[in-house]
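>>> Next comes the sequence, and after it the predicted model I'd like to discuss.
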Amino acid sequence: MEWHDLLADGYGRVFEFLENVLQGLTQEDLDWQPRPDCNSIGWLTWHLTRQQDAQIASLMGAEQLWTGEGWHSRFDRSPDPEDTGFGHTREQVAEFGSPDVETLLEYQRAVLDRSKRYFLTLSETDLDTELNEPWFQPLPTLGVRLVSIMEDSLLHAGQAAYARGLRQGQGWQKY
């Protein structure tokens, strides 16, 4: 197995996991917060996809799908490319109106497909390229960043699953 296949598999598992987590959820389920200072399932799914879209686009030197393909309008949000959820207040999270499950998954699928295509453009030596991010020491490499993006996505997908368990109990899980 090649390294880019491993990355594609890891990122693909996020999508597969989210399909299971979101299956059968209502709008009320998506927007439910365990407490007022907690994130909703819909917000977590949107945020993990937004951060992946923004970071992969930045690494590619390309426009985010959020703006380039008009995903912001399907979420009834501003086209602001900085609107990824980082730094959102509890009020912003509470005001977030999730689109339906299908839209959340379609955006995640589009970002996943673009990420996989990007991996195929990279060489093994590209993974060792240091990124110009002086706020991190030592400087991260492209390979480290790609794993970090996947890790963040998996963590948020797990949080969404936990929130669903709080909402509906554990009987919903298929594994």
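Great, that's in hand. Numbering: from 1, shown residues only.
>>> Now do the buried residues in stretch 67-85.
Neighbour-count burial for stretch 67-85, with 16 or more other CB atoms under 10 Å as criterion, is recorded at 67, 69, 71, 72, 75, 77, 81, 83, 84, 85. Glycine gets a C-beta too; all of them are placed from N, C-alpha and C.
>>> Likewise for stretch 119-135?
For stretch 119-135, burial by neighbour count (16+ other CB under 10 Å) applies to 119, 122, 127, 129.
>>> Now the lowest-mean-pLDDT helix or strand in the chain: buried residues?
Of all the helices and strands that make up the chain, helix 90-95 has the lowest average by mean pLDDT, DSSP states H and E, namely a mean of 92. The neighbour-count criterion (16+ other CB under 10 Å) identifies 93, 94 as the buried residues of helix 90-95.
>>> Next: stretch 13-32.
Within stretch 13-32, the residues that count as buried by 16+ other CB under 10 Å are 14, 15, 17, 18, 21, 22, 25, 29, 30, 31, 32.
>>> which residues does the third one contact?
For residue 17, the contact set (CB atoms under 8 Å, 6 or more residues apart in numbering) comprises 154, 157, 161.
>>> Which helix or which strand is home to it?
Using DSSP states H and E, the secondary-structure element containing residue 17 is helix 3-22.
>>> Contact partners for the residue sitting furthest away from the middle of the chain?
Relative to the average C-alpha location in the chain, and by CA atoms, centre = their mean, no residue lies farther out than residue 125, which sits at 26.1 Å. Applying CB under 8 Å, 6+ apart to residue 125 gives no contacts.
>>> Distance-wise, check it relative to residue 119.
Using CB to CB, to the nearest Å, residue 125 is found at 14 Å from residue 119.
>>> Please apply the same query to residue 31.
From residue 31 to residue 119 the distance is 33 Å (CB to CB).
>>> Tell me if I'm right that residue 159 and residue 44 touch.
Yes. Applying CB atoms under 8 Å, one finds residue 159 in contact with residue 44, separated by 5.3 Å.
>>> related to what we said a few turns ago, taking the mean pLDDT, what do you get for the helix holding residue 17?
For helix 3-22, the per-residue pLDDT values average out at 96.
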